[in-house]
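[1] just need the structure, nothing else, for what follows:
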Amino acid sequence: MKLTTTGHYSVKALLDLSLLEGFGPASVKAIATRQNIPAPYLEKLLMQMRRSGLVQSVRGYQGGYQLARPPAKISLGQILEAVGETIEPLPGREPDAETASDWVTFCLWQRLHQKLKESLYTISLEDLYYDARSWQASRDEDTSFVV
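    All right, here's what the predicted structure looks like:
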(Lines give C-alpha, C1' and ligand atoms only; values in the text may rest on other atoms or scores of the structure.)
Protein backbone atom coordinates (compact mmCIF):
# COMPACT_ATOMS: atom_id res chain seq x y z
CA MET A 1 0.00 0.00 0.00
CA LYS A 2 1.25 3.45 -0.86
CA LEU A 3 -0.23 6.57 0.71
CA THR A 4 -1.08 8.95 -2.13
CA THR A 5 -0.84 12.72 -2.00
CA THR A 6 -4.58 12.84 -1.30
CA GLY A 7 -4.25 10.56 1.72
CA HIS A 8 -1.11 12.28 2.96
CA TYR A 9 -2.63 15.78 2.72
CA SER A 10 -5.83 14.62 4.41
CA VAL A 11 -3.97 13.18 7.39
CA LYS A 12 -1.77 16.29 7.63
CA ALA A 13 -4.81 18.58 7.65
CA LEU A 14 -6.55 16.64 10.42
CA LEU A 15 -3.37 16.41 12.48
CA ASP A 16 -3.08 20.18 12.13
CA LEU A 17 -6.63 20.61 13.45
CA SER A 18 -5.93 18.24 16.34
CA LEU A 19 -3.26 20.63 17.61
CA LEU A 20 -5.60 23.57 17.99
CA GLU A 21 -7.09 24.46 21.35
CA GLY A 22 -10.48 22.81 21.40
CA PHE A 23 -9.64 21.33 17.96
CA GLY A 24 -10.41 24.38 15.83
CA PRO A 25 -11.81 26.09 13.90
CA ALA A 26 -9.05 27.03 11.50
CA SER A 27 -9.25 28.60 8.08
CA VAL A 28 -8.29 26.67 4.97
CA LYS A 29 -5.63 29.29 4.29
CA ALA A 30 -4.06 28.88 7.75
CA ILE A 31 -3.94 25.08 7.50
CA ALA A 32 -2.65 25.23 3.91
CA THR A 33 0.12 27.62 4.92
CA ARG A 34 1.21 25.63 7.97
CA GLN A 35 1.18 22.29 6.14
CA ASN A 36 2.31 23.48 2.70
CA ILE A 37 -0.80 22.17 0.93
CA PRO A 38 -2.38 24.01 -2.03
CA ALA A 39 -5.44 25.76 -0.55
CA PRO A 40 -7.93 24.88 -3.35
CA TYR A 41 -6.99 21.21 -3.10
CA LEU A 42 -7.22 21.30 0.69
CA GLU A 43 -10.69 22.89 0.47
CA LYS A 44 -11.83 19.98 -1.71
CA LEU A 45 -10.44 17.41 0.75
CA LEU A 46 -12.01 19.15 3.74
CA MET A 47 -15.41 19.18 2.00
CA GLN A 48 -15.11 15.42 1.43
CA MET A 49 -14.18 14.90 5.08
CA ARG A 50 -17.09 17.11 6.16
CA ARG A 51 -19.52 14.93 4.19
CA SER A 52 -18.05 11.91 6.00
CA GLY A 53 -18.52 13.52 9.40
CA LEU A 54 -14.85 13.94 10.28
CA VAL A 55 -14.82 17.74 10.30
CA GLN A 56 -17.36 20.51 10.68
CA SER A 57 -17.38 23.87 8.96
CA VAL A 58 -17.96 27.01 10.99
CA ARG A 59 -19.11 30.19 9.27
CA GLY A 60 -18.16 33.72 10.14
CA TYR A 61 -15.14 35.86 10.92
CA GLN A 62 -13.56 33.26 13.24
CA GLY A 63 -14.83 30.39 11.11
CA GLY A 64 -13.13 27.59 9.30
CA TYR A 65 -12.95 23.87 9.86
CA GLN A 66 -12.71 21.92 13.08
CA LEU A 67 -12.73 18.28 14.06
CA ALA A 68 -16.23 16.85 14.39
CA ARG A 69 -15.15 14.48 17.15
CA PRO A 70 -12.12 13.91 19.39
CA PRO A 71 -8.91 12.71 17.68
CA ALA A 72 -9.16 9.38 19.53
CA LYS A 73 -12.46 8.74 17.71
CA ILE A 74 -11.09 9.33 14.18
CA SER A 75 -9.19 6.44 12.58
CA LEU A 76 -6.68 6.51 9.78
CA GLY A 77 -9.00 4.20 7.85
CA GLN A 78 -11.89 6.66 8.18
CA ILE A 79 -9.73 9.52 6.92
CA LEU A 80 -8.55 7.57 3.88
CA GLU A 81 -12.04 6.28 3.14
CA ALA A 82 -13.48 9.81 3.35
CA VAL A 83 -11.23 11.02 0.53
CA GLY A 84 -11.67 7.96 -1.66
CA GLU A 85 -8.41 6.19 -0.92
CA THR A 86 -8.37 2.44 -1.45
CA ILE A 87 -5.95 -0.17 -0.24
CA GLU A 88 -6.79 -2.99 -2.61
CA PRO A 89 -3.70 -5.24 -2.92
CA LEU A 90 -4.47 -6.86 -6.25
CA PRO A 91 -7.11 -4.80 -8.06
CA GLY A 92 -8.77 -6.76 -10.83
CA ARG A 93 -6.57 -9.79 -10.16
CA GLU A 94 -8.17 -13.21 -10.29
CA PRO A 95 -6.21 -16.37 -9.47
CA ASP A 96 -5.58 -19.02 -12.09
CA ALA A 97 -8.12 -21.78 -11.36
CA GLU A 98 -5.68 -24.39 -12.67
CA THR A 99 -2.75 -23.58 -10.38
CA ALA A 100 -2.87 -24.34 -6.65
CA SER A 101 0.13 -22.11 -5.90
CA ASP A 102 -1.66 -19.19 -7.56
CA TRP A 103 -4.67 -19.77 -5.28
CA VAL A 104 -2.41 -19.94 -2.21
CA THR A 105 -0.71 -16.68 -3.17
CA PHE A 106 -4.06 -15.04 -3.88
CA CYS A 107 -5.47 -16.18 -0.51
CA LEU A 108 -2.35 -14.99 1.30
CA TRP A 109 -2.68 -11.51 -0.23
CA GLN A 110 -6.39 -11.43 0.64
CA ARG A 111 -5.61 -12.27 4.29
CA LEU A 112 -2.82 -9.68 4.46
CA HIS A 113 -5.16 -7.11 2.93
CA GLN A 114 -7.80 -7.84 5.57
CA LYS A 115 -5.27 -7.45 8.41
CA LEU A 116 -3.98 -4.19 6.96
CA LYS A 117 -7.50 -2.85 6.63
CA GLU A 118 -8.29 -3.80 10.24
CA SER A 119 -5.11 -2.05 11.39
CA LEU A 120 -5.98 1.17 9.57
CA TYR A 121 -9.24 1.33 11.50
CA THR A 122 -7.51 0.83 14.87
CA ILE A 123 -4.91 3.61 14.43
CA SER A 124 -6.43 6.88 15.60
CA LEU A 125 -5.58 10.47 14.79
CA GLU A 126 -4.59 10.75 18.45
CA ASP A 127 -2.11 7.86 18.01
CA LEU A 128 -0.51 9.61 15.03
CA TYR A 129 -0.30 12.87 16.98
CA TYR A 130 1.55 11.21 19.89
CA ASP A 131 3.82 9.25 17.53
CA ALA A 132 4.89 12.47 15.83
CA ARG A 133 5.38 14.26 19.16
CA SER A 134 7.50 11.36 20.49
CA TRP A 135 9.66 11.38 17.39
CA GLN A 136 10.19 15.14 17.67
CA ALA A 137 11.06 14.85 21.37
CA SER A 138 13.54 12.04 20.69
CA ARG A 139 15.36 14.34 18.29
CA ASP A 140 15.23 17.34 20.69
CA GLU A 141 13.25 19.21 18.06
CA ASP A 142 10.94 22.11 18.53
CA THR A 143 7.43 20.78 18.83
CA SER A 144 5.92 23.28 16.44
CA PHE A 145 4.06 20.68 14.51
CA VAL A 146 4.29 20.36 10.77
CA VAL A 147 3.81 16.88 9.37
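[2] list the buried residues in stretch 126-145.
    Buried residues in stretch 126-145, counted by 16 or more other C-beta atoms under 10 Å: 126, 128-129, 132, 145. All C-beta spots, glycine's among them, are computed from the backbone N, C-alpha and C.
[3] from these, which is closest to L42?
    Relative to L42, the closest of those is F145; by C-beta to C-beta it sits at 16.6 Å.
[4] got a list of what V104 touches?
    Shown in contact with V104 (C-beta atoms under 8 Å, 6 or more residues apart in numbering): no residues.
[5] look up how far R111 lies from it.
    Distance, V104 to R111, by C-beta to C-beta, to the nearest Å: 11 Å.
[6] need the helices for this protein, in chain order.
    Applying DSSP state H to the chain gives helices spanning 5-18, 28-35, 39-51, 76-82, 100-120, 125-138.
[7] mean pLDDT and distance to V58 for the ones you listed - can I get that in TSV?
    TSV is the format used below for the helices of the chain (pLDDT from 0 to 100; distance: least, C-beta to C-beta, whole Å):
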stretch	mean pLDDT	distance to V58
helix 5-18	90	12
helix 28-35	94	12
helix 39-51	96	11
helix 76-82	93	19
helix 100-120	84	28
helix 125-138	83	19
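[8] so which of these is nearest Y65?
    helix 39-51 (5.2 Å).
[9] pull the number of nearby residues for P38.
    10 (other C-beta atoms under 10 Å).
[10] also the one 4 residues further on?
    Here the number of neighbours of L42 (other C-beta under 10 Å) works out to 21.
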